[in-house]
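A.B. asks: Turn this into a model:
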Amino acid sequence: MSQKVAFIGLGVMGYPMAGHLQKSGYQVCVYNRTSIKAQKWVEQYTGSMANTPAQAAKDADIVFVCVGNDDDVRQVVYGDHGALAGMTAGAVLVDHSTASAELARELAQRCTEQQIGFLDAPVSGGQAGAENGQLTIMVGGDEQSFAKANDAMQAYSRCCRLLGEHGSGQLAKMMNQICIAGVVQGLAEALHFGQQAGMDCAAVIEVISQGAAQSWQMQNRYKTMLNGEYEFGFAVDWMRKDLNIALNEARKNGSSLPLTALVDQFYAEVQKAGGHRWDTSSLLTRLQK
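C.D. replies: So this is what the prediction gives:
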């Protein structure tokens, strides 16, 4: 395999994702706003790096973007030095960032004007999922662009599915975050209840995790929650960003998200307590005051 791809954004997710592409035989050129991170990646994976997104995207068949929010995406995609300036007709831009559906539709229009394919493809699975190549990818776009990019995305995913037109990937990610918020709050309340009742919470979880209460959060977070360990994982700041995207979309489509809005405020309390970068399971801390 000699297909050239570009990967823009080497955060905790993008860094290993780009690495999986390189190890799978793709020719990967990376760009990161902090160049020392790109240099470290090149040393580790023997790919190449560029000084601008446009340079990274030059002659690439697929350009992947994985950054923080709508503004970050626009910064690395648009302008004289943005990815679109370096891409040629027939290439595909894949945005793995968690952003708004509105931005996805905007990017799709801009790409269409340049005869470039576009997919909004946010991911779920956290840093561990990225490192282990076991991410879930929710994709919005057309079948032709998906067919061009799907094999590459298989390098770091266990499930990758086209769910509808442009924006569908971001809408699916909003649904994902809504579900997670409710599950984590329920787990936090159950552990708090058990602690107050004097129960052996670890023993209880070992039992109820075998039944209908089972969840990824329960299996992977109950021990660290009971130990008060939160300096890892998906940060509260990121979750609040994601939930606000969902709440804004809900106002547009007329849906009611009372539990999501409530949990978002609980996360605001965690932030006020200094937990901006704590794992999202830190909801338990506000109950233990």
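
A.B. asks: Could you report the pLDDT at the residue nearest the centre of the chain?
C.D. replies: The centroid of the chain falls nearest to residue 123 when counting by C-alpha atoms, centre = their mean (4.3 Å). Listed pLDDT for residue 123 reads 98.

A.B. asks: model confidence over stretch 173-187, on average?
C.D. replies: The pLDDT scores in stretch 173-187 average 98.

A.B. asks: Same check on stretch 97-107?
C.D. replies: 98.

A.B. asks: neighbouring contacts of it?
C.D. replies: Contacts to stretch 97-107, defined as C-beta atoms under 8 Å, 6 or more residues apart in numbering, come from residues 9, 65-70, 72-74, 77, 93, 95, 118, 120, 122-123, 140, 166-171, 173-174, 177, 238, 241-242, 245, 248-249. In short, each C-beta sits where N, CA and C put it, glycine included.

A.B. asks: quick one: residue 80 and residue 86 touch, right?
C.D. replies: No. At 10.0 Å, residue 80 and residue 86 do not qualify as touching, with contact defined as C-beta atoms under 8 Å.

A.B. asks: rewinding a little: quick one: the residue nearest to the centre of the chain from residue 259, how far?
C.D. replies: 24 Å (C-beta to C-beta, to the nearest Å).

A.B. asks: picking up where we left off before, derive a PyMOL selection command for the buried subset of the contacts of stretch 97-107.
C.D. replies: Entered in PyMOL, the line below selects the buried ones among these, by 16 or more other C-beta atoms under 10 Å:
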select buried, resi 9+65+66+67+68+69+70+72+73+74+77+93+95+118+120+122+123+140+166+167+168+169+170+171+173+174+177+238+241+242+245+249
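
A.B. asks: What is the helix or strand bottoming out on mean pLDDT in the chain packed up against?
C.D. replies: Scoring the helices and strands of the chain by mean pLDDT, DSSP states H and E places helix 126-131 at the bottom, with a mean of 94. For helix 126-131, the packing partners by 3 or more C-beta pairs under 8 Å, 6 or more residues apart in numbering; DSSP states H and E come out as helix 14-23.

A.B. asks: Residues contacting the helix it packs on, please?
C.D. replies: Taking C-beta under 8 Å, 6+ apart as the rule, helix 14-23 contacts 5, 7-8, 10, 28, 30, 32, 37, 41, 44-47, 64, 66-67, 96, 123, 127, 130-131, 133, 135, 152, 155-156.

A.B. asks: For it, list every residue counted as buried.
C.D. replies: Buried residues in helix 14-23, counted by 16+ other C-beta under 10 Å: 14, 15, 16, 17, 18, 19, 20, 21, 22.

A.B. asks: what about stretch 216-235, start to end distance?
C.D. replies: End-to-end span of stretch 216-235 (C-alpha to C-alpha, to the nearest Å): 17 Å.

A.B. asks: where do the helices sit along the chain?
C.D. replies: Along the chain, the stretches classed as helices by DSSP state H are 14-23, 35-45, 53-57, 70-77, 83-86, 101-113, 126-131, 143-153, 168-196, 201-208, 216-226, 236-253, 258-272, 283-287.

A.B. asks: which stretch in the ones you listed has the least confidence?
C.D. replies: Across the helices of the chain, the lowest-scoring stretch is helix 126-131, with a mean of 94.

A.B. asks: Roughly how far does the residue nearest to the centre of the chain sit from residue 65?
C.D. replies: From residue 123 across to residue 65, the span is 12 Å (C-beta to C-beta).

A.B. asks: so what sits against both of those two?
C.D. replies: residue 96.

A.B. asks: if I look at residue 41, how far off is residue 67?
C.D. replies: Distance, residue 41 to residue 67, using C-beta to C-beta: 15 Å.

A.B. asks: Give me the distance between the residue of the chain most remote from its centre and residue 204.
C.D. replies: Going by C-alpha atoms, centre = their mean, the residue of the chain most distant from its centre is residue 198, 37.4 Å out. Distance of residue 198 to residue 204, computed by C-beta to C-beta: 11 Å.

A.B. asks: can you check residue 36 too?
C.D. replies: 46 Å.
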